[in-house]
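Engineer: give me a 3D structure for the following:
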Amino acid sequence: MLNLHRYVALTFDCYGTLIDWEQGIAGFIAPFARAQGHDWSEAHILEAFGDLEHREQERDPAAPYPLILERTFLALCDRLGLRRDVEAAKAFAASVGDWPPFSDTAPAMAQFRDRFVVGILSNVDDASLARSIAAIGTEPDFTVTAERVRSYKPAPAHFEAARAILAERGITPERWLHIAQSMFHDIAPARRLQIPCCWVNRRARRPGQGATPPAHVVPDYTVSSLAELAALARLQAD
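Structural biologist: I've put the predicted structure just below:
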């Protein structure tokens, strides 16, 4: 059972864990496809997106995230048989800050911020993440972005940067819990680096693998939502 008394610091993936990026992605691409006579399922759109986005990040890890999204959108058009639209690609890239937080994110993050050192490790640029943090309403103690480390998870640079930041605060890796929805981007590298990790199973009972490539790894802990994690933290507060 997860004992939060063991941990001083919590770090979170943002998109997929705090922010409902799949709603943001499908909410933009599905209407674009329907306008061209293609009624692709959400599961099909998200799976194609996850594959193509990772290819772009792996091919050019120093590229800014908005450029990754533009390229992914255009590659997705090719794969789904849609007309390429450069202006739509730019609009999609600019939409990240409009993607909504999950309903349990804001109260959970406010609660965690009162008790733990809180960080966000995100595969986006600083400006997009700042808009999402404003939507969540709680400033973390620190952030690590792809823009700053010039790399995309599941590469280890985000985790190495977070480890250095926490070490400056006197926090060792065994006192740090990383929390994320993506097995591929977060749980797998955390396990490789021996960082305790908690999987948030946001996609329970939904079809398909979602907007991330598959990964077969066993997390240290599993919760179904941030609300469940927050309730556990309250129960263990004393």
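
Engineer: from here on, contacts and neighbour counts on C-alpha atoms
Structural biologist: OK.

Engineer: give the ranges of residues in this protein that sit below the confidence cut-off.
Structural biologist: The model of the chain has pLDDT under 70 over residues 238.

Engineer: report the contact partners of the residue lying closest to Arg163 once chain neighbours are set aside.
Structural biologist: Nearest non-adjacent residue to Arg163, counting by CA to CA, 6 or more residues apart in numbering: Pro173, 6.9 Å away. Pro173 is in contact with Arg163, Ile195, Pro196, counting by CA atoms under 8 Å, 6 or more residues apart in numbering.

Engineer: does the first one belong to a helix, a strand or coil?
Structural biologist: Right, the one you point to is Arg163. helix (DSSP: H, G, I helix; E, B strand; the rest coil).

Engineer: what about it, how many residues close to it?
Structural biologist: 17 (other CA atoms under 10 Å).

Engineer: how about the strands in this protein?
Structural biologist: For the chain, strands defined by DSSP state E occupy the ranges 9-12, 117-122, 142-145, 176-180, 197-200, 221-223.

Engineer: how far away from the center of its chain is the fifth one?
Structural biologist: With CA atoms, centre = their mean, to the nearest Å as the basis, the distance from the averaged C-alpha position of strand 197-200 to the chain average is 12 Å.

Engineer: quick check: Thr105 touching Ala135?
Structural biologist: No - using CA atoms under 8 Å as the test, Thr105 is too far from Ala135 to be in contact (10.0 Å).
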